[in-house]
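# Need the 3D shape of this:
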Amino acid sequence: MINLLYCGNEKVFDGVLTSLLSIMMRDPASDEYHVTILTMSLTRLNPQYTAISDKLIHFLDRVVKEFNPASSVRKIDVSDLYEEHLGKSPNEGCYCSPYTLLRLLADKIEGFPSKVLYLDCDIMFNRDIHLLTDQDISEVEFAGANDHYGKYLINPRYMNAGVLYFNMDKCRQTDLFAKARAWIWKKKLVFADQSALLRAASKRKLLPQRFNDQKFLHSWTVVRHFSKRLFWLPYPHTANIKQWMIDDVHRIFRYHQFDDIYERYLQYKSEYEAI
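Numbers count the residues shown, from 1 in each chain. Below you'll find the model as predicted:
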C-alpha cells in the first residue's frame, strides 16, 4: 500500500489525473493507493482559490478503483487550519500559490501513516513508483532529489520540494512541520515552503536526480517534473509547459513516452466533462 499526498484547488483536475494515471499505469504490481488531497477556500486572496469539489474527488476515486478496487481518493479541507497557522503570513503571496503551503500542515492531519509520498501536481512517473518508495527513509525526516537550478545557484545539495518522501514518524518526533511553519512567519522566503522545509530539517536524504528530473526525460528517469524551465533558443527565456499541454509536450519536448497515458487521460477528461 502506498500513500500519496497532493495539495491544490478546484483547478488540479488535469495535473492530478495525469499524475495518478502515470503512477498506476507504470506500476506492474497494481498496488493499492490511498490518495489524500489537501484543499481550501481562500477567496479573500483570489476569487479562483476555491476548494476542490466533491464531484472531482468522486471521479478520481472511481478512476483509481478501476486499477485496484482497494484504492481510494479523499479530500481534506484545511481552510480553518490554514487560517490558524499560515493565514496572512509574509509568504502567503509566494512565488507559486498559497496551496503549496498546505503540505506544511501534514502533522495536523489525523490518520496519516508512517510513510507519505508528497507530489506536486505537475509530475509524471516514467517508471515504476516502487523504485522510489522502496528507498530507505527510516533514519531521516524526508528524502528528495536536487533542484536542477538550485544545485548550481544555491547549494550543491539544495533539494526540490516537488517530490518528497516523508517519514511521518520521524517528522513528528522532530516537529519538522511546526519548525517549517515558524520559518514561514519569520520572513518572506525566496521559495517559501520549499525553503522553510529545508531550513527546518535536521536530517534528510538526497536521492539521485532521476527521482525528480525537472529538465530531462531519460530512459532511467523515474519522475519527470514539468516545472518552469529555462530555454536558450531562439533566445534565453523561461516556459512553464505542464504535462497536460499535450501538443506542447509533443512539439517542444518531443516526448511520446506518455502517449498511452494521454489516451486514457483524454477519455477520462471527456467523461468528467460530460457529468
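# Just give me the residue right at the centre of the protein.
For the chain, the residue nearest the mean C-alpha position is Asp120 (1.7 Å; Cα atoms, centre = their mean).
# pLDDT below threshold where in this structure?
Residue ranges of the chain with pLDDT under 70: 94-95, 149-153, 156, 229-233, 235-238.
# Show me which helix runs longest in it.
helix 259-274 (DSSP state H).
# Now do the phi/psi pair for Asp77.
phi -80, psi 110 (degrees, to the nearest 10).
# Look up the closest residue to it, ignoring the ones flanking it.
Ala51 (5.3 Å; Cβ to Cβ, 6 or more residues apart in numbering). C-beta here means a position set from N, CA and C on the backbone, and glycine is covered the same way.
# would you put the C-alpha positions of the longest helix of the chain in PDB?
Output in PDB follows, covering the C-alpha atoms of helix 259-274 (Å, rounded to 0.1, in the frame of the first residue of the first chain):
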ATOM      1  CA  ASP A 259       1.100   8.800 -25.100                       C
ATOM      2  CA  ASP A 260      -0.600   5.700 -23.700                       C
ATOM      3  CA  ILE A 261      -1.300   7.700 -20.600                       C
ATOM      4  CA  TYR A 262      -2.600  10.700 -22.600                       C
ATOM      5  CA  GLU A 263      -5.000   8.400 -24.400                       C
ATOM      6  CA  ARG A 264      -6.600   7.300 -21.100                       C
ATOM      7  CA  TYR A 265      -6.400  10.800 -19.700                       C
ATOM      8  CA  LEU A 266      -8.400  12.300 -22.700                       C
ATOM      9  CA  GLN A 267     -11.000   9.500 -22.300                       C
ATOM     10  CA  TYR A 268     -11.500  10.300 -18.700                       C
ATOM     11  CA  LYS A 269     -11.500  14.000 -19.200                       C
ATOM     12  CA  SER A 270     -14.300  13.600 -21.800                       C
ATOM     13  CA  GLU A 271     -16.200  11.500 -19.300                       C
ATOM     14  CA  TYR A 272     -15.700  14.100 -16.500                       C
ATOM     15  CA  GLU A 273     -16.800  17.000 -18.600                       C
ATOM     16  CA  ALA A 274     -20.000  15.100 -19.600                       C
END
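# what lines up beside the host helix or strand of Leu4 in the sheet?
Counting by DSSP states H and E, the element that carries Leu4 is strand 2-7. Here strand 2-7 has these sheet partners by DSSP bridges: strand 33-39 (parallel), strand 115-119 (parallel).
# mind listing what's buried in it?
2-7 (16 or more other Cβ atoms under 10 Å).
# now do stretch 255-263
Applying 16+ other Cβ under 10 Å to stretch 255-263 flags 255, 258, 261-262 as buried.
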